[in-house]
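Novice: Give the three-dimensional model of this entry:
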Amino acid sequence: MTIQNHSMLVNMTIHRWTATKHDRSVSNEVERTHQARNAGRYNKQLIDKAHLVEIDRLSNQLRAFHYQHTLPWAEEGARLLPTKLFLTYQSGIFDLREKRDRAVEQFLTTYPQLVNDARSRLNTMFDPTDYPSVEKLREKFGVDVEYMPVPNANDFRVDIAHELQEGVRQQMLQSISARQEKMVADCWQRVREVVSRIAEQCSNPKGRIHDSLMENAQSLADVIDGLNITANSDIAYVGEQLRALIVDPDRLRTSPVTRSAVALNAEQILRRIPA
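Specialist: Next up, the predicted model:
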């Protein structure tokens, strides 16, 4: 299976206004008072950041959804999105962006009053030029999603000598192979984290069972087949076992037999995960 035919690269950038500003005059004043040099920076808090909490919460949801449905590719930036998960990814990102946009608009309605509040709160440190207009501020909360094709070493063509092309092509093949190994390792790590938690909680008769224990397992089960971009048969098998592991959390709370069986099955899955 060639990953170029079954996946794409996606890069998501979430923009956010920091609501802070370096105040050089105050920083210089502190240094003069203490006869110091290069002692630090004083950053003003321009508004009450409690008004940004909802935007930040939805930003975190966006980021988590993005990572849940993609695999590592570059150290930073682009990640690999399997085509099996494309529609789910696109729909989920669209919904979360809409929710975040609504939270941004709600914040912008209160922004003028927050600026007025800062005038009295910051007193002589208040500087109206620190505050962008509502229109400019809206632009600082954008979310950019960019799709790109996965590089194909076999279709590498550039205007350099043939022997140099071949050297670059081999480097690309090695790089893609290493990244595929990293994708497989990422799948295993996700399974390990979720199933280890199930084994730990269910093997403790007095441990609390939260709904999130099985919710996290279901979330992984929903995407594991799509993330298995290399068609690894062991990952496919463990995906089946993971789905069989999922039960109603209430059964785990009320039935010691079910709890014990789930713990045993979770341990069996863990033994199949490569070290």
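
Novice: Distance of T88 relative to L71?
Specialist: Applying CB to CB, to the nearest Å, the value for T88 to L71 is 14 Å. Yep, even glycine has a C-beta here, placed from its N, CA and C like the rest.

Novice: Comparing those two, which residue is more hemmed in?
Specialist: Ranked by neighbour count (other CB atoms under 10 Å), T88 and L71 place L71 first, with 26 against 15.

Novice: Show me what that one is bridged to.
Specialist: L80 (DSSP bridges).

Novice: Return the residues in contact with it.
Specialist: Listed by CB atoms under 8 Å, 6 or more residues apart in numbering, the contact partners of L71 are R79, L80, L81, P82, M183, D186, C187, L227, I229.

Novice: Would you mind measuring from it to N228?
Specialist: Where N228 is concerned, L71 sits at a distance of 10 Å (CB to CB).

Novice: Show me the shaky parts of the stretch 101-250 of the chain.
Specialist: Residues of the stretch 101-250 of the chain meeting the criterion pLDDT under 70: 153-163, 165.

Novice: Which parts of it are helices?
Specialist: With DSSP state H, counting those that start in this stretch as the criterion, the stretch 101-250 of the chain has helices at 134-139, 162-203, 211-227, 233-245, 249-254.

Novice: my guess is K84 contacts G226, does it?
Specialist: Yes - contact status for K84 versus G226: in contact at 3.8 Å, counting by CB atoms under 8 Å.

Novice: Settle it for me: which of the two has more neighbours?
Specialist: Between K84 and G226, counted using other CB under 10 Å, G226 has the larger neighbour count: 21 against 17.

Novice: do you know how far that one is from H6?
Specialist: G226 is 10 Å from H6, by CB to CB.

Novice: Could you do W188 as well?
Specialist: For W188 relative to H6 (CB to CB), the value is 19 Å.

Novice: Now render the helices of the stretch 101-250 of the chain as TSV, adding distance to Q268.
Specialist: Shown next, in TSV, are the helices of the stretch 101-250 of the chain (distance: least, CB to CB, whole Å):
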stretch	distance to Q268
helix 134-139	52
helix 162-203	9
helix 211-227	15
helix 233-245	8
helix 249-254	17
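
Novice: domain parsing for the protein?
Specialist: 3-148, 155-272 (automatic domain parsing).

Novice: got any residues that touch both of L71 and N228?
Specialist: Joint contacts of L71 and N228 (CB under 8 Å, 6+ apart) are C187.

Novice: secondary structure class for the closest residue to L96 other than its chain neighbours?
Specialist: For L96, ignoring the flanking residues on the chain, the nearest one in space by CB to CB, 6 or more residues apart in numbering is L62 at 4.8 Å. When classified by DSSP: H, G, I helix; E, B strand; the rest coil, L62 comes out as helix.

Novice: L62 is in contact with I93, isn't it?
Specialist: Yes - if you go by CB under 8 Å, L62 and I93 touch, sitting 6.9 Å apart.
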